[in-house]
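Participant: any chance you could fold what I've pasted below:
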Amino acid sequence: MPELPEVETIRLGLEKYLVGHKIENVEIKYSKIFSGEVKDIVNAKIIKIRRFAKVLAIDLLNNYSIVIQIKLTGQLIYRGPKLPKIPLLSKKVLGLPGKHTHLIFYLDKKGILYYNDVRKFGRIKIVKTEEVAKTGFVGNLGFEPFKDLTISIFRGITSKSSSSIKIVLMDQEKIGGLGNIYANDALWLAKINPKKSANKLNSDENSRLYKSILDVLKGGLKYGGASEQAYVTADGGEGVYQKHFLVYDKEGEICQRCHKATITKIFLGGRGTYFCPECQKF
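Facilitator: So this is what the prediction gives:
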């Protein structure tokens, strides 16, 4: 599922391509993913793209916003005058438009924004801009790295939970934007076993982990996110963080730090969890 770096990469692309366009029409091919009134956004000018953890908000000049939760397989792909040179389309895009294109925004100047979603888990909602933060998509999100997740708040979060630290890192009501890929890599970088109880972390471990979270997220942003599953950028291309995974999806490989142990895979909270039994002792 796209995490903070992937969704921020999409946001940056949409900010570049969409701002200044007007929405002329909306074609809804699968109504279950959409809620709100189309009339509230037709002829409205796009002025800003915001992100709340893994959620996007397209703000309009008429004080309405389009809130988008792409979930596991959602794709937002632009075509139009602000992208004169069309890049190579990722093979993860199954037609543009295609059978998995469920919503199309028709923009002025022959611009188009496609929403594809193979699993149909994503949701798109029209709300007043002042109500974006109150929507179910956004209202329950926890503290976010690079915004309001300070080291003191992070220590407070870990100290109050006896759950495994990896489960805590992925709880969106505690920390917004962190998912399976970056939680795995952050724990490896900090040399902390993912099974360790969060409230058993000492001060040094909390500090290392906090820094490691920021470091792996910066790496994800640097490489345009990880196109591990269905994720693509706003122009239909791919990120390359998957070529720079530290431990995620490396089961059976030799640890690139200690060069002794092989990476082990277990399941925590139903999610694949990767760690080095030598570097990340329990």
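
Participant: the closest residue to Glu37 other than its chain neighbours bridge partners, please.
Facilitator: Spatial nearest neighbour of Glu37, excluding adjacent residues (C-beta to C-beta, 6 or more residues apart in numbering): Ile126 at 6.1 Å. The C-beta positions use only the backbone N, C-alpha and C, and glycine is treated the same way. Applying DSSP bridges to Ile126 gives these bridge partners: Ile66.

Participant: report the contact partners of Ile126.
Facilitator: By C-beta atoms under 8 Å, 6 or more residues apart in numbering, the contact list for Ile126 reads 35-38, 40-41, 64-67.

Participant: of these, grab the buried ones for ChimeraX.
Facilitator: To isolate the buried members of those in ChimeraX, using 16 or more other C-beta atoms under 10 Å:
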select :36,40,41,64,65,66,67
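
Participant: thinking again about what came up before, distance of the residue nearest to Glu37 from Lys191?
Facilitator: Separation of Ile126 from Lys191 (C-beta to C-beta, to the nearest Å): 46 Å.

Participant: likewise Ile153?
Facilitator: 22 Å.

Participant: now swap in Ile104 and tell me
Facilitator: 47 Å.

Participant: now swap in Val168 and tell me
Facilitator: For Val168, the distance to Lys191 (C-beta to C-beta) stands at 17 Å.

Participant: out of these two, which sits in the busier spot?
Facilitator: Val168 (22 against 18; other C-beta atoms under 10 Å).

Participant: so what touches the helix or strand that contains the more buried one?
Facilitator: Element membership of Val168, judged by DSSP states H and E, is helix 165-169. The contact list for helix 165-169, computed with C-beta under 8 Å, 6+ apart, reads 157-158, 161, 174-175, 178, 183-184, 186-187, 192, 194-198, 201, 209, 213, 268-269, 271, 273.

Participant: buried ones from these, can you make that a ChimeraX selection?
Facilitator: This is the ChimeraX syntax for the buried subset of the contacts of helix 165-169, where burial follows 16+ other C-beta under 10 Å:
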select :157,158,174,175,178,183,184,186,187,192,194,195,196,198,201,209,213,268,271,273
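
Participant: so of the contacts of helix 165-169, which ones are in strands?
Facilitator: With DSSP state E as the criterion, strands contain 268, 271, 273 from among the contacts of helix 165-169.

Participant: from those residues, which is closest to Val26?
Facilitator: Nearest to Val26 among the ones in strands among the contacts of helix 165-169 is Arg271, at 34.8 Å by C-beta to C-beta.

Participant: ok, the residue lying closest to that closest one once chain neighbours are set aside - contacts?
Facilitator: Leaving aside its sequence neighbours, Arg271 sits nearest to Asn180 (C-beta to C-beta, 6+ apart; 5.0 Å). Residues near Asn180 by C-beta under 8 Å, 6+ apart: 1, 3, 170, 248, 271-272.
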